[in-house]
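Peer 1: 3D model of this:
(one chain, ligands or ions: 1)
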Amino acid sequence: MNVYADNAATTRMSDTAIEVMLRCMKEEYGNPSSLYTIGQRAKEILEEARQTVAAEIGAEPGEIYFTSGGSEADNQAIRSAALLGKRKGKTHLISTAFEHHAVLHTLRKLEKEGFRVTLLDVHEDGLVRPEELEAAIGDDTCLVTVMYANNEIGTIQPVDEIAKICAAHGVLFHTDAVQAVAHVPIDVKKSGIDMLSASAHKFHGPKGTGILYVRRGVQLLNLIEGGGQEKGKRAGTENVAGIAGTAAALKETAEAMREKTEHITAMRDRLIEGLSKIPHSALNGDAKKRLPGNVNFCFEGIEGESLLLHLDDRGISASSGSACTSGSLDPSHVLLAIGRVHDVAHGSLRLTLGEDITEEEVDYLIENVAQVVEHLRGFSPVWRDLVQGKREFIL
Ligand SMILES: *Cc1c(COP(=O)(O)O)cnc(C)c1O
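Peer 2: Now for the predicted structure:
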């Protein structure tokens, strides 16, 4: 059996989106800035996509900018807010310790440029505390950026409360919603979000296309100099096919979400229950306040990497920490942020389910993870020490 259980890393593209893109590439090859008919048809496709995307998150079309992905959207939102804040003498930025690197590395760079950055602690349940955020806000704070849902442990942050606090203090609020858009209902107006980032390949769209929502009235600076595309905020001939595919995928996945959230949540909970039976294991993050498809466990006495390779042999695609952090020796900054010690964090496994996951597939995951964990513990020196009492069990 093959089970793709790494939907937080990327998703299989929607057939509808592929068809839309193929048609765009074959027939609608005009440049949206050209005045003749095929150019104007491409522009229409672009504007229709903008309307579709806006409608799905409760925004207006004029508030949607297309970018090259979630990373670019994060970079632009944060850098723009920081530079605009600086013009008013506000150079303090607030975020959390477990953001995606697109956010953390942008903040680190701004810190080198003279900005002050506060990273809020994330508690053991994988959630930030709004009261701690409020306490961190000062007169010189120009931006709060807190992710909607974490990409490793799936925990969903109290975004509405955070937005309220930011509004009360006159501070801009950006959220990296790359993992949340099309997977949980989002309404930027109801939530009071000023800026939001999303990425098409996380909801069955193409890689290399992202969305930046910026509330009307909030100023935005461009990162890329060039032509006047995207109202002068993002130069470069538009990725018409990618954008059309993004809109098609978003519409389809958001519809599937409305129908299938209950199913996928039930599958997630079945998987959590099954894996909890493995001795000396622990779920990472709150069991309920998490994305419907996200399961993340630590297993004591093993290495996540070996676990992945053995699971791959059994047809299971999974992840240990974030796809972007593998290849580095340090364990995931997210797991460290929620208080897991190094040894335990190294034995982590993330399984992220797609909408069409079946009960048989979930049972296959449970059975195989349990077998591989037992197998690996069989020749792990760390496990031997634990069992012989030379080290203490943490989980
Ligand atoms: C995937 C991801 C990103 C980056 O998006 P890309 O389109 O791959 O650049 C940013 N933030 C989060 C939370 C993500 O999961």
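
Peer 1: Which of the residues in stretch 83-100 are classified as buried?
Peer 2: When burial is assessed from 16 or more other C-beta atoms under 10 Å, stretch 83-100 yields the following buried residues: 84-86, 90-96, 98-100. (C-beta placed from N, C-alpha, C; glycine too.)

Peer 1: if we look at the ligand, which of those are close to it?
Peer 2: residue 100 (C-beta under 6 Å from any ligand atom).

Peer 1: so can I have TSV of the buried residues of stretch 83-100 showing secondary structure, distance to residue 111 and pLDDT?
Peer 2: Output for the buried residues of stretch 83-100, formatted as TSV (DSSP: H, G, I helix; E, B strand; the rest coil; distance: C-beta to C-beta, whole Å; pLDDT from 0 to 100):
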residue	secondary structure	distance to residue 111	pLDDT
84	helix	17	98
85	helix	14	98
86	helix	13	98
90	coil	15	98
91	coil	10	98
92	strand	11	98
93	strand	8	98
94	strand	13	98
95	strand	11	98
96	strand	15	98
98	coil	17	96
99	coil	14	98
100	coil	17	97
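
Peer 1: closest to the ligand among the buried residues of stretch 83-100?
Peer 2: The ligand lies nearest to residue 100 out of the buried residues of stretch 83-100, by C-beta to the nearest ligand atom, at 3.5 Å.

Peer 1: which ones are touching the closest residue to the ligand within the chain?
Peer 2: Closest contact between the chain and the ligand, by C-beta to the nearest ligand atom, is at residue 70 (2.5 Å). Residue 70 makes contact with 100, 102, 176, 178, 197-199, 202, 210, according to C-beta atoms under 8 Å, 6 or more residues apart in numbering.

Peer 1: all strands of the stretch 251-395 of the chain, in order?
Peer 2: Along the stretch 251-395 of the chain, counting by DSSP state E, counting those that start in this stretch, strands occupy 281-283, 294-299, 316-317, 348-352.

Peer 1: Pull up the residues of this structure that are close to the ligand.
Peer 2: So far as C-beta under 6 Å from any ligand atom goes, the chain lies against the ligand at 69-71, 74, 100, 102, 147, 151, 176, 178-179, 199, 201-202, 210.

Peer 1: Quick one: list the elements packing against the biggest helix by length in the chain.
Peer 2: Longest helix of the chain, by residue count under DSSP state H: helix 240-276. Applying 3 or more C-beta pairs under 8 Å, 6 or more residues apart in numbering; DSSP states H and E, one finds that helix 240-276 contacts helix 15-27, helix 37-57, strand 281-283, strand 294-299, helix 359-378.

Peer 1: about what we covered before: which residue sits closest to the residue of the chain closest to the ligand, ignoring its sequence neighbours?
Peer 2: Nearest non-adjacent residue to residue 70, counting by C-beta to C-beta, 6 or more residues apart in numbering: residue 199, 3.2 Å away.

Peer 1: got it, and residue 319?
Peer 2: Distance criterion C-beta to C-beta, 6+ apart; nearest residue to residue 319, sequence neighbours excluded, is residue 350 at 4.6 Å.

Peer 1: Also residue 213?
Peer 2: Nearest one to residue 213, counting by C-beta to C-beta, 6+ apart, is residue 196 at 4.3 Å.

Peer 1: now, the most widely separated pair of the residues of the chain next to the ligand?
Peer 2: Greatest spatial distance among those (C-beta to C-beta): 147 and 201, at 17.1 Å.

Peer 1: Give me the more crowded residue out of these two.
Peer 2: Comparing residue 147 with residue 201 by other C-beta atoms under 10 Å, the one with more neighbours is residue 147, at 26 against 23.

Peer 1: and the more buried one, helix, strand or coil?
Peer 2: Recorded secondary structure, residue 147: coil (DSSP: H, G, I helix; E, B strand; the rest coil).

Peer 1: To what extent is the closest residue to it other than its chain neighbours buried, counted in neighbours?
Peer 2: Leaving aside its sequence neighbours, residue 147 sits nearest to residue 176 (C-beta to C-beta, 6+ apart; 4.3 Å). If you count neighbours by other C-beta under 10 Å, residue 176 ends up with 29.

Peer 1: mind listing what residue 176 touches?
Peer 2: For residue 176, the contact set (C-beta under 8 Å, 6+ apart) comprises 70, 74, 99-100, 102-103, 145, 147-148, 197.
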